[in-house]
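S.K.: Model the following, please.
(one chain, ligands or ions: 3)
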Amino acid sequence: MSTAPQIVAVGGNAPYRIHIGAGLLDDGVLLTATLRGRHALIVSDANVAPLYAKRVEAALRAAQPDLRIARHVIDAGEAEKTLANFGGVIDALATLGATRDACIYALGGGVMGDMAGFAAACWMRGIDVVQLPTTLLAMVDSSVGGKTAVDIPQGKNLVGAFHPPRAVIADTATLRSLPPRELRAGLAEVIKYGAIVDAEFLRWLEAHCDALLAADDAALSAAIARSCTHKAAITERDPFEHGERALLNFGHTFGHAIEAEQGYAHGFNHGEAVAVGMLLAAKLSGLLGMASDADTSTLRSLLQRFGLPVELPTGLAPDALLARMRLDKKAQASGLRFILWNGPGTASVVKDVNEAAVLQALRG
Ligand SMILES: NC(=O)c1ccc[n+]([C@@H]2O[C@H](COP(=O)([O-])OP(=O)(O)OC[C@H]3O[C@@H](n4cnc5c(N)ncnc54)[C@H](O)[C@@H]3O)[C@@H](O)[C@H]2O)c1
Ligand SMILES: O=C(O)C(=O)C[C@@H](O)[C@H](O)[C@H](O)COP(=O)(O)O
Ligand SMILES: [Zn+2]
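M.R.: Ligands and ions are numbered 1, 2, ... in the order given. Below you'll find the predicted structure:
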């Protein structure tokens, strides 16, 4: 069943729209609606570009024949979200002769979105980026809100900038080619919204688990729109993470430590690391007298129903993970800050979290 396109508006000082619908990558008028200049750089990865880049380029050209368009394709995967590849995007902009009114089209998952978005934030101190997310994770989370970054060996997303997109255009038909493991990774971030702000959404997810795992168009579109509505509202109120935006980091203090400790290349992808991270954060919350054991066990069951991991991978030392967390972006000179859980739909930012309790949660 095909679903009518939906729009989620993000307000604030740099407003934009999130368009959600099947076939939107062929809509040249929509793709060029926010375009100000004559240069477009399509940044994509080696899995996504062969599937979709030609269509995007054709749609852009049809809508604006005088547009100078270049493609920049990077190897796929988290290990490619590097300063070196960021430099490659900058070189591609220079080769294109991109002026300050140019636009980057970030076509792919969160890796492309974050890295191309960061290049857009930096080229000539800031050009436009239109996010064209092709993973569920990118549609529900990374394409929205303006966080851009690359990883360094010392930690995830440690070099980056806030740079909101001019538009987000999520063509849900692209999810038909997404590997099931990547679909499940996106569902981890969807579950996150339920956990932190929307208990009713958690019940909806439980009820629609089979449809979502089967990549049913209507179920996915509903989950994307509801997730984007939450992310839009939170990031509109707190674009620079001075307060409530930090709730979107639930599970990420543990998750990012896992990803960095695994060297980004092996083991869990981002969504999987966040799934385990949410459960560890729930356990830590229980140790600190917040979430109940019953709530934590319900969260574990839901993650498992969605085929997501709930245990730390073997071989990761708790001490090493704790050391990673000291360089988390939420950490302060006084100590660690965590997003802790008060049960379905409620979370809070807690500072000066006792390291012994963190180790206890990690040791199970
Ligand atoms: N900026 C933010 O707010 C934010 C939010 C969440 C996550 N992130 C970041 O996003 C990244 C994870 O994003 P991701 O899960 O999309 O990973 P990803 O970009 O690595 O994509 C996952 C895999 O799917 C492939 N792929 C993408 N779209 C496809 C399609 N339609 N068909 C077939 N294959 C496809 C990619 O080539 C890749 O191999 C992490 O770096 C994470 O830190 C950022
Ligand atoms: O948008 C946010 O804010 C988030 O925290 C969303 C997260 O899902 C995302 O992974 C983000 O990139 C993490 O941000 P970071 O500041 O911890 O790097
Ligand atoms: Zn995330």
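S.K.: and this protein, which residues reach ligand 2?
M.R.: Counting by Cβ under 6 Å from any ligand atom, the chain comes close to ligand 2 at 141, 145, 147, 149, 156-157, 189, 241, 245, 248-249, 252, 329. (Glycine included, C-beta is placed from N, CA and C.)
S.K.: Name the member of these with the most neighbours.
M.R.: Counting by other Cβ atoms under 10 Å, Asp141 has the largest number of neighbours within the residues of the chain next to ligand 2, with 29 neighbours.
S.K.: Skipping adjacent residues, who's closest to that residue in space?
M.R.: Glu189 (4.4 Å; Cβ to Cβ, 6 or more residues apart in numbering).
S.K.: If you count neighbours, what's buried in the strand or helix carrying that neighbour?
M.R.: Following DSSP states H and E, one finds Glu189 within helix 180-197. Within helix 180-197, the residues that count as buried by 16 or more other Cβ atoms under 10 Å are 182-197.
S.K.: Run the angle between the following helix or strand past that helix and helix 180-197 for me.
M.R.: Moving toward the C-terminus from helix 180-197, the next helix or strand (DSSP H and E) is helix 199-207. Here helix 199-207 runs at an angle of 150 degrees relative to helix 180-197 (axes from the mean of the first three to the mean of the last three Cα atoms, to 10 degrees).
S.K.: hmm, back to that, name all residues that make contact with the residue nearest to Asp141.
M.R.: For Glu189, the contacting residues are 137, 140-141, 227, 271, 274, by Cβ atoms under 8 Å, 6 or more residues apart in numbering.
S.K.: Just send those residues back as JSON lines, with distance to ligand 1 too.
M.R.: Listed next are these as JSON lines, based on distance: Cβ to the nearest ligand atom, whole Å:
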{"residue": "Leu137", "distance to ligand 1": "4"}
{"residue": "Val140", "distance to ligand 1": "8"}
{"residue": "Asp141", "distance to ligand 1": "4"}
{"residue": "Ser227", "distance to ligand 1": "11"}
{"residue": "Gly271", "distance to ligand 1": "6"}
{"residue": "Val274", "distance to ligand 1": "8"}
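S.K.: Only whichever of these are buried, select them in ChimeraX.
M.R.: Buried residues among the contacts of Glu189 (16+ other Cβ under 10 Å), as a ChimeraX selection:
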select :137,140,141,227,271,274
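S.K.: all helices for this protein, in order.
M.R.: 28-31, 54-63, 83-96, 110-122, 136-137, 180-197, 199-207, 209-213, 217-237, 252-261, 270-287, 293-305, 318-325, 355-363 (DSSP state H).
S.K.: Go ahead and measure how far the last one is from the middle of the chain.
M.R.: In other words, helix 355-363. Here helix 355-363 shows a centroid-to-chain-centroid distance of 27 Å under the convention Cα atoms, centre = their mean, to the nearest Å.
S.K.: For that helix, buried residues please.
M.R.: 357-358, 361-362.
S.K.: Which two of the residues you listed have the greatest separation?
M.R.: Among these, the pair separated by the greatest distance (Cβ to Cβ) is Ala357 and Leu362, at 9.8 Å.
S.K.: Throw the contacts of Glu189 into JSON lines and include pLDDT, thanks.
M.R.: Shown next, in JSON lines, are these (pLDDT from 0 to 100):
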{"residue": "Leu137", "pLDDT": "98"}
{"residue": "Val140", "pLDDT": "99"}
{"residue": "Asp141", "pLDDT": "98"}
{"residue": "Ser227", "pLDDT": "99"}
{"residue": "Gly271", "pLDDT": "98"}
{"residue": "Val274", "pLDDT": "98"}
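S.K.: Give me the distance between the residue of the stretch 1-150 of the chain found nearest ligand 2 and Arg337.
M.R.: Proximity of the stretch 1-150 of the chain to ligand 2 (Cβ to the nearest ligand atom) peaks at Gly145, 4.4 Å away. Relative to Arg337, Gly145 is positioned 19 Å away (Cβ to Cβ, to the nearest Å).
S.K.: sorry, back to before: once you drop chain neighbours, what's closest to the residue of the stretch 1-150 of the chain closest to ligand 2?
M.R.: That would be Thr235: by Cβ to Cβ, 6+ apart, it lies 3.8 Å from Gly145.
S.K.: and the one you found, what pLDDT?
M.R.: Looking at Thr235, its pLDDT stands at 98.
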